[in-house]
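# Here's a sequence, model it:
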Amino acid sequence: MTGDKTFTLSDYRGQNVVLYFYPKDNTPGCTTEGIQFRDLYPEFQKHNTQLFGISRDSIRSHDGFKAKLEMPFDLISDPDETLCVMFDVMKMKNMYGKQVRGIERSTFVIDGAGTLVKEWRGVKVPGHVAEVLEFVKTIA
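Numbers count the residues shown, from 1 in each chain. Next up, the predicted model:
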């Protein structure tokens, strides 16, 4: 995880946690999504919610991506796909006419008791972050 920390869900007991899985640092859709989460971060904080972005990129890549976008939240590096498999986000996708295995853009909300309460799979970026925030407001 960025900042040389280890992510443990139990560290956030009593708070909502948003885990958003994205394919790759510094790509157009992932950059747009990251900027939208960054811009709405203060609103998520007002509703007792922590944000974490997750991809298979390295910590070094995440550190650069986080700094470039001035993200106030951490990004989790999952190179061995432990979290990706746990949340079943690894899918076969078409890229330039070829089948490739990659992360399906997905978002999960876990409440303060550690219960998965909402998931979005196959996410399209436009309007998604605002939709996640609206959901969090209903459980805060």
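# Let me know the helix or strand that the spatially most central residue of the chain is in.
With distances taken as CA atoms, centre = their mean, Y20 lies nearest the centre of the chain, 2.0 Å away. Assigned by DSSP states H and E, Y20 belongs to strand 16-21.
# Which parts of this protein are strands?
In the chain, strands defined by DSSP state E lie at 16-21, 49-55, 74-77, 90-95, 98-103, 106-110, 116-120, listed in chain order.
# Which of the ones you listed has the lowest mean pLDDT?
Mean pLDDT values for the strands of the chain show the minimum at strand 90-95, a mean of 85.
# relative to strand 106-110, how tilted is that one?
If you take axes from the mean of the first three to the mean of the last three CA atoms, to 10 degrees, strand 90-95 sits at 150 degrees to strand 106-110.
# chain center to strand 90-95, what's the gap?
Strand 90-95 sits 18 Å away from the centroid of its parent chain (CA atoms, centre = their mean, to the nearest Å).
# hang on, the earlier thing: save the strands of the chain as JSON lines, and put in distance to A67 too.
Quick note: C-beta positions are derived from backbone N, CA and C, even for glycine. Formatted as JSON lines, the strands of the chain follow (distance: least, CB to CB, whole Å):
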{"stretch": "strand 16-21", "distance to A67": "19"}
{"stretch": "strand 49-55", "distance to A67": "14"}
{"stretch": "strand 74-77", "distance to A67": "11"}
{"stretch": "strand 90-95", "distance to A67": "27"}
{"stretch": "strand 98-103", "distance to A67": "22"}
{"stretch": "strand 106-110", "distance to A67": "23"}
{"stretch": "strand 116-120", "distance to A67": "27"}
